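>>> Need coordinates for the below:
(chains A and B, ligands or ions: 1)
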Amino acid sequence: MPLMANTTAKSDKLAHLSACIVRVAENRDKAAFAELFDHYAPLIRAYSLAREPGADLVADDLVQEVLARVWLKAAKYNARLANLNTWIFTLARNCRIDYLRRNSRYATEIDPTDIFNEIEDEGPGPFQMVQQSRVQQNIRVGLEQLPKEQSEILTKVYLEGKSHQQTSEELKLPLGTVKSRVRLALKKLEVLVPR
Amino acid sequence: MDKSNNHPYEELLAAYSAGSLPLSQALCISAHLEHCQSCGQKLQQLNHVGSELMLQLKPSKVSDELKTRLLGMLDSLPEDLPDGESREVDSRVPRCLHQFVERNYDDLDWKRVSADIHSVELCRDSNGARVELLKIKPGGSATTHTHMGDEYTVILEGSFSDESGLYGQGDFLIRDENDQHTPVATQDRECICLAVTEGPIQFTGFLHRLLNPFIRRGYA
Ligand SMILES: [Zn+2]
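Sure thing, here's the model as predicted:
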């Protein structure tokens, strides 16, 4: 599919899903929720498996946990602050952090709940819509064009949940190289462009 | 409100957004974010990166059973946890530290480290990192010390200066073990910092060299 057509299809899909979350929030609409489930559950499952390949039960738990939160928190979702995909990502991330902490061999007393706020109050104020969607567009197109050596590091950090140290060990790269590749990648995605 | 001049490196903010940062370091980032609008905006963008990466994953089939089960549970899910805590915590305390501070900093069990410094250990991270608050009296020396690993500091109250400059509320600093800094709190008020240290601290001042065996034991 040509890039533009692909992008249009994606934003149509997102617009439809965003309408679903509003129906869930306002009408407790289970059919709309089922549509959200069908779209996001397989992605959340894949997200869990990216970190723990083969851990099917863990993946199913994460799906259930995240989508339960979607149902409970739907009314708090604020489209002005983040698109639905990004909101779901932060919910999945937060649930995964919580799961890992509860099931870690090395206990810590640190409770992540107040560290990773839900997206509605992350950052002090809303971006302008136009600017936000342009930023997302840049990120999406940019990711497709990233050199493999940079995208594989973002995958390790974001999807596999690896620390820079673990990434450096697994890829047999110096720690400094890992960090500079993250930074280069973010620069390419225009995340770091001064505003 | 964007008073801070010293920010976490972008790759650290990205690791925070990814959820792959040790929680002790994430605490520092979170405390900084309460004072820093520009990092807050960057974080929103970094979250978009995470979301786009998640969308690129090959979807993994979810069983119909799981869907049926969850849809059947929706009406009996417990209502969302209340957002507001009933406890009134001093507004000076960052939200990420509410879990350690009952009402305000005075409630904590501060221990004397030197004539100028009191500290209180809040917790340990699973990687062994020590999370503590340091309180430096006005004009007091925060000592010269070296440490085994990196040290993350966020200034919560007051300000201090060292050879490289002046640091104020919200500033985020990382010092490595080769750093021989001599921070001094400014005269006008006491300075409270959140500090995360990866390894045992070794004080290098004369008095601290004497104290060191005890301090080391404390960090063991
Ligand atoms: Zn900042």
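>>> Please count neighbours and contacts with C-alpha atoms only from this point.
Noted.
>>> touching chain B at all, stretch A:66-77?
Yes. For stretch A:66-77 and chain B, the contact criterion (C-alpha under 8 Å from any C-alpha of the partner chain) is met by A:68, A:71-73.
>>> what sits up against that stretch?
Contact with stretch A:66-77 is made by A:21-22, A:24-26, A:33, A:37, A:41, A:84, A:87-88, A:91-92, A:95, A:120, B:70, B:74, B:77, B:79-80, as judged by C-alpha atoms under 8 Å, 6 or more residues apart in numbering or on different chains.
>>> for that stretch, which positions count as buried?
Residues of stretch A:66-77 classed as buried by neighbour count (16 or more other C-alpha atoms under 10 Å in any protein chain shown): A:66-74, A:77.
>>> Rounded mean pLDDT for stretch A:11-30, please.
Rounded to a whole number, the mean pLDDT of stretch A:11-30 is 94.
>>> Tell me which stretches of chain B form helices.
B:10-18, B:23-33, B:37-55, B:64-73, B:206-219 (DSSP state H).
>>> I'd like to know which elements the third one is packed against.
Spelled out, that is helix B:37-55. Contacts defined by 3 or more C-alpha pairs under 8 Å, 6 or more residues apart in numbering or on different chains; DSSP states H and E place helix B:37-55 against helix A:30-51, helix A:84-102, helix A:129-145, helix B:10-18.
>>> Contact partners for residue 32?
Answering for chain A, as no chain was given. Contacts were defined as C-alpha under 8 Å, 6+ apart; by that measure residue A:32 touches A:20-21, A:23-24.
>>> Sorry, I should have been clearer: chain B.
Applying C-alpha under 8 Å, 6+ apart, the residues near residue B:32 are B:7, B:154, B:170-172.
>>> The same query, at a cut-off of 6 Å, please.
In this structure, residue B:32 makes contact with residue B:170, judged by C-alpha atoms under 6 Å, 6 or more residues apart in numbering or on different chains.
>>> related to what we said a few turns ago, out of the residues of stretch A:66-77 next to chain B, which touch the ion?
When contact is defined as C-alpha under 5 Å from the ion, these do not meet the ion at all.
>>> With pLDDT and secondary structure added, can I get these in a markdown table?
A markdown table is the format used below for the residues of stretch A:66-77 next to chain B (pLDDT from 0 to 100; DSSP: H, G, I helix; E, B strand; the rest coil):
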| residue | pLDDT | secondary structure |
| --- | --- | --- |
| A:68 | 96 | helix |
| A:71 | 96 | helix |
| A:72 | 93 | helix |
| A:73 | 92 | helix |
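>>> now, among these, which is nearest to the ion?
Compare each of these with the ion using C-alpha to the ion and the shortest gap goes to residue A:73, at 28.3 Å.
>>> Go ahead and list the helix or strand containing residue A:15.
Using DSSP states H and E, residue A:15 maps to helix A:3-27.
>>> That helix close to chain B?
No. Shown here: helix A:3-27 not in contact with chain B (C-alpha under 6 Å from any C-alpha of the partner chain), separated by at least 10.4 Å.
>>> for stretch A:42-53, same thing?
Yes. Using C-alpha under 6 Å from any C-alpha, stretch A:42-53 reaches chain B at A:42-43, A:45-46.
>>> re the thing from before, go through the contacts of residue A:32 and say which is closest to chain B.
Closest approach between the contacts of residue A:32 and chain B, by C-alpha to the nearest C-alpha: residue A:24, at 11.3 Å.
>>> Contacts only, for that closest one.
By C-alpha under 6 Å, 6+ apart, the contact set of residue A:24 is empty.
>>> Show me which residues of chain B sit near chain A.
Applying C-alpha under 6 Å from any C-alpha, one finds that chain B approaches chain A through B:11, B:18, B:20, B:30, B:40-41, B:48, B:50-51, B:59-62, B:80, B:96, B:125-126.
>>> Now the buried members of these.
Among these, those classed as buried by 16+ other C-alpha under 10 Å are B:11, B:18, B:20, B:30, B:40-41, B:48, B:50-51, B:59-60, B:62, B:96, B:125-126.
>>> any idea how far residue A:57 is from residue B:65?
According to C-alpha to C-alpha, to the nearest Å, residue A:57 and residue B:65 sit 13 Å apart.
>>> From the ion, how far off is the closest residue to residue B:110 other than its chain neighbours?
Spatially, and ignoring its direct neighbours in sequence, residue B:110 is nearest to residue B:120 (4.9 Å; C-alpha to C-alpha, 6 or more residues apart in numbering or on different chains). Separation of residue B:120 from the ion (C-alpha to the ion, to the nearest Å) stands at 25 Å.
>>> do residue A:76 as well
Residue A:76 sits 26 Å away from the ion, going by C-alpha to the ion.
>>> For that residue, report the pLDDT, please.
With respect to pLDDT, residue A:76 scores 88.
>>> now residue A:55
Note on residue A:55: pLDDT of 95.
>>> quick one, phi/psi of it?
When read as degrees, to the nearest 10, the backbone of residue A:55 gives phi -90, psi 80.
>>> What is the lowest-pLDDT residue among the buried ones among the residues of chain B next to chain A?
Out of these, that is residue B:126, at 82.
>>> Let me know whether it touches residue A:110 as I believe.
No. Assessed by C-alpha atoms under 6 Å, residue B:126 is found out of contact with residue A:110, at 8.9 Å.
>>> Where does pLDDT dip in chain B?
B:1-4, B:80-86, B:143-148, B:199-220 (pLDDT under 70).
>>> tell me, what residue is most central in chain B?
residue B:28 (2.2 Å; C-alpha atoms, centre = their mean).
>>> excluding its backbone neighbours, what's nearest it?
Closest residue to residue B:28 apart from its sequence neighbours, by C-alpha to C-alpha, 6+ apart: residue B:154 at 6.2 Å.
>>> Would you quantify the distance from that neighbour to residue A:63?
35 Å.
>>> Alongside the ion, which residues does chain B contribute?
Selection of chain B residues close to the ion by C-alpha under 5 Å from the ion yields B:7, B:36, B:39.
>>> The first one and chain A: what is the separation?
Right, residue B:7. Note on residue B:7: its distance to chain A, by C-alpha to the nearest C-alpha, to the nearest Å, is 13 Å.
>>> count of neighbours near that residue?
Using other C-alpha atoms under 10 Å in any protein chain shown, residue B:7 is surrounded by 20 other residues.
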